[in-house]
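Peer 1: A predicted structure for the sequence below; I have some questions about it.
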Amino acid sequence: MAKLAKSPWLLHYDGSSCNGCDIEVLACTTPVYDIERFGIINTGDPFQADILLITGGINHQSEAVVKQIYSQMPDPKVVVAVGICACTGGVFKDCYNIKGGVDTVIPVDVYVPGCAARPQAIIDGVVKALEILQQKREAFLARRA
Amino acid sequence: MMPVISVIAYLALAPFAGALLDGLDRKLAARMQGRKGPPLLQPFYDLGKLFSKQMIAVNRVQILLNLSYLVFLAIAGSMLFAGADILMCTFLLSTADMFLVMAASCDSSPFSTLGAGREMIQMMAYEPLVLLMAVGFYLATGTFHVGEIIRAPACAVIAMPGFLLGFIFITAIKLRKSPFDLSTSHHAHQEMVKGITTEMSGPALGIVTVAEYYEIVLMLGIVALFFLNRHWWSWPLAVAACLLVYFLEVLWDNVSARVKWDTLLGSCWVATLLTGGLNGLILMFVR
Ligand code: SF4
């Protein structure tokens, strides 16, 4: 297994989800799945987050918010799109108000499919993101040195 | 010579001891909730990450104020470990906290402003007992001087058990434990994001975290002061007492829900009166 980032703090934002994926994300943070064993802390603060977890597609109202949250997160950072809505827009893709998946406004590193994405899949996606975060961290430190 | 060594040891080792205790705290809390929890060394990983992240400074003063918080806490702790005046140490402790309040109010986030306000309420809640405790040490041992308190013939706690109880109560506030973690939170309740530390990222938050580790060791140092006397066996006793108090704080953290600010203020003052006030009065009559 590749080296994982050791202290990833996570921020969850709901782009325009039907709440199905949100509930699964919250399920991951319960004692049953114990994501803290990876050192993950569920923080509500973009200034302190390393991983941005977004559920739901992006609409014209959430676009500015997502961009702002992303810009408030210090480098290195990764973005995980949870649920098919966040990946591509899903069933809402053709709605007049939906722009599409999260990658229409900010770069996405990991796509977790599913409707709703299962907690196991979300944790898998986050662990995948930890690998990418670690690579980004090493690149960031090398650039700074 | 002895004070110099212990101050250097405090300055160099307190962050490590604090981080280890924090790791233990998180592990214990996880076990109490039926989870496996993070590795014991997780706080070190967290610090390593914080200091390697990009620095997003909201303004130029904040980092300076954070550093002042750290420096004043380190000085306050050094005073205790140098065996100097306990009263002076408690004054420096509150001065340090004022810098944190200023650091939180100098940015534009409403959440950190709210956190700063609550931090001041917390200070109002615990300050009376801290001052009374210094007086209690004087009444019990005849001196404010830490170096002399630890050379007393008997443990100070025999004369001032009430103060110890009160101190355990307010240590929960100082260590930002539930039910009194109003101004910020280490846990997932986020009704005001991260409160006082909302706009601190990367290294700025790292500095505050290190300062808090100094604070943990300082608070436990004061707990030890209740037990230390001129006999050698008081040292292991004091260490055991510190660990027990820390365990009690973790336990309390996990079994209680956060209270509102007025409950905090009321319960703290009542506790102060019943423990410190009563104990102090008795000591004054006995003397
Ligand atoms: S993927 Fe399904 S469950 Fe998730 S937000 Fe979209 S519609 Fe809801």
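Peer 2: Great, that's in hand. Numbers count the residues shown, from 1 in each chain, chains lettered A, B, ... in the order given.

Peer 1: longest helix of chain A?
Peer 2: helix A:119-144 (DSSP state H).

Peer 1: What helices and strands are in contact with the helix or strand B:V270 falls within?
Peer 2: Using DSSP states H and E, B:V270 sits within helix B:261-272. Secondary-structure packing of helix B:261-272 (3 or more C-beta pairs under 8 Å, 6 or more residues apart in numbering or on different chains; DSSP states H and E): helix B:110-141, helix B:161-174. The C-beta positions use only the backbone N, C-alpha and C, and glycine is treated the same way.

Peer 1: So which bits of the helix or strand following it are buried?
Peer 2: Per DSSP H and E, the first helix or strand lying C-terminal to helix B:261-272 is helix B:278-286. Neighbour counts over helix B:278-286 (16 or more other C-beta atoms under 10 Å in any protein chain shown) mark B:N279, B:G280, B:L283 as buried.

Peer 1: Could you export those residues as a markdown table, including distance to B:F81?
Peer 2: As requested, the buried residues of helix B:278-286 are arranged in a markdown table below (distance: C-beta to C-beta, whole Å):
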| residue | distance to B:F81 |
| --- | --- |
| B:N279 | 25 |
| B:G280 | 26 |
| B:L283 | 26 |
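
Peer 1: Pipe those into CSV and attach pLDDT per row.
Peer 2: Output for the buried residues of helix B:278-286, formatted as CSV (pLDDT from 0 to 100):
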residue, pLDDT
B:N279, 88
B:G280, 85
B:L283, 85
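
Peer 1: Closest one to A:G56 out of these, please.
Peer 2: When those are ranked by distance to A:G56 (C-beta to C-beta), B:N279 comes first, at 57.5 Å.

Peer 1: Beta-bridge partners for the residue nearest the centre of chain A, please?
Peer 2: Chain A has A:L53 as the residue nearest its centroid, 2.0 Å off, counting by C-alpha atoms, centre = their mean. Going by DSSP bridges, A:L53 is paired in beta bridges with A:H12, A:V80.

Peer 1: in stretch B:150-160, what counts as buried?
Peer 2: For stretch B:150-160, the neighbour count (16+ other C-beta under 10 Å) marks B:I150, B:A152, B:C155, B:A156, B:V157, B:A159, B:M160 as buried.

Peer 1: and the gap between the residue nearest the centre of chain B and B:A96?
Peer 2: Central residue of chain B (C-alpha atoms, centre = their mean): B:K174, 4.0 Å from the mean position. Separation of B:K174 from B:A96 (C-beta to C-beta, to the nearest Å): 11 Å.

Peer 1: and if you look at A:K128?
Peer 2: Relative to B:A96, A:K128 is positioned 42 Å away (C-beta to C-beta).

Peer 1: What of A:R137?
Peer 2: Using C-beta to C-beta, A:R137 is found at 32 Å from B:A96.

Peer 1: what's the weakest-modelled helix or strand in chain A?
Peer 2: None of the helices or strands of chain A scores lower by mean pLDDT, DSSP states H and E than strand A:41-42, at a mean of 84.

Peer 1: what comes into contact with that strand?
Peer 2: A:W9, A:L10, A:H12, A:T29, A:I35, B:A188 (C-beta atoms under 8 Å, 6 or more residues apart in numbering or on different chains).

Peer 1: Can I get the residues you listed in TSV including neighbour count, distance to the ligand and pLDDT?
Peer 2: Below are those laid out as TSV (neighbours: other C-beta atoms under 10 Å in any protein chain shown; distance: C-beta to the nearest ligand atom, whole Å; pLDDT from 0 to 100):
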residue	neighbour count	distance to the ligand	pLDDT
A:W9	18	23	88
A:L10	22	18	88
A:H12	21	13	88
A:T29	18	17	80
A:I35	22	19	82
B:A188	12	22	56
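
Peer 1: Which of those fall within strands?
Peer 2: A:W9, A:L10, A:H12 (DSSP state E).

Peer 1: right, and the first one touches A:L52 too?
Peer 2: No - the pair A:W9 / A:L52 is not scored as a contact, 10.5 Å apart, by C-beta atoms under 8 Å.

Peer 1: Poorly predicted segments of chain A, please.
Peer 2: Where chain A drops to pLDDT under 70, the residues are A:1-3.

Peer 1: Equivalent analysis for the stretch 1-150 of chain B, please.
Peer 2: For the stretch 1-150 of chain B, residues meeting the criterion pLDDT under 70 lie at B:1.

Peer 1: what number of residues lie near the closest residue to the ligand within it?
Peer 2: Using C-beta to the nearest ligand atom, the closest approach of the stretch 1-150 of chain B to the ligand is made by B:R35 at 26.1 Å. A total of 18 residues lie near B:R35 under the criterion other C-beta atoms under 10 Å in any protein chain shown.

Peer 1: tell me the contacts of it?
Peer 2: Neighbour list for B:R35: A:P31, A:D34, A:E36, A:R37 [criterion: C-beta under 8 Å, 6+ apart].

Peer 1: Doesn't the first one lie inside a helix?
Peer 2: No - following the definition DSSP: H, G, I helix; E, B strand; the rest coil, A:P31 is coil and is not counted among the residues of a helix.

Peer 1: Next, count neighbours for it.
Peer 2: Residues near A:P31, counting by other C-beta under 10 Å, number 13.

Peer 1: Can you report phi and psi for it?
Peer 2: phi -60, psi -30 (degrees, to the nearest 10).

Peer 1: ok, it to B:E199 distance?
Peer 2: Distance, A:P31 to B:E199, by C-beta to C-beta: 30 Å.

Peer 1: And B:S109, by the same measure?
Peer 2: Note on B:S109: its distance to B:E199, by C-beta to C-beta, is 5 Å.

Peer 1: Compare those two (neighbour count), which wins?
Peer 2: Remark: of B:S109 and B:E199, B:E199 carries more neighbours, 28 against 19, as counted by other C-beta under 10 Å.

Peer 1: where does the more buried one land on pLDDT?
Peer 2: Listed pLDDT for B:E199 reads 80.

Peer 1: related to what we said a few turns ago, what angle do the helix holding B:V270 and helix B:278-286 make?
Peer 2: Using axes from the mean of the first three to the mean of the last three C-alpha atoms, to 10 degrees, the inter-axis angle of helix B:261-272 relative to helix B:278-286 is 30 degrees.

Peer 1: Closest to the ligand out of the buried residues of helix B:278-286?
Peer 2: B:N279 (58.5 Å).

Peer 1: Wait, B:M123 touches B:D97, no?
Peer 2: Yes - counting by C-beta under 8 Å, B:M123 does reach B:D97; the two are 5.8 Å apart.

Peer 1: Those two: who's more crowded?
Peer 2: When B:M123 and B:D97 are compared for neighbours, B:D97 comes out ahead with 22 against 19, by other C-beta under 10 Å.
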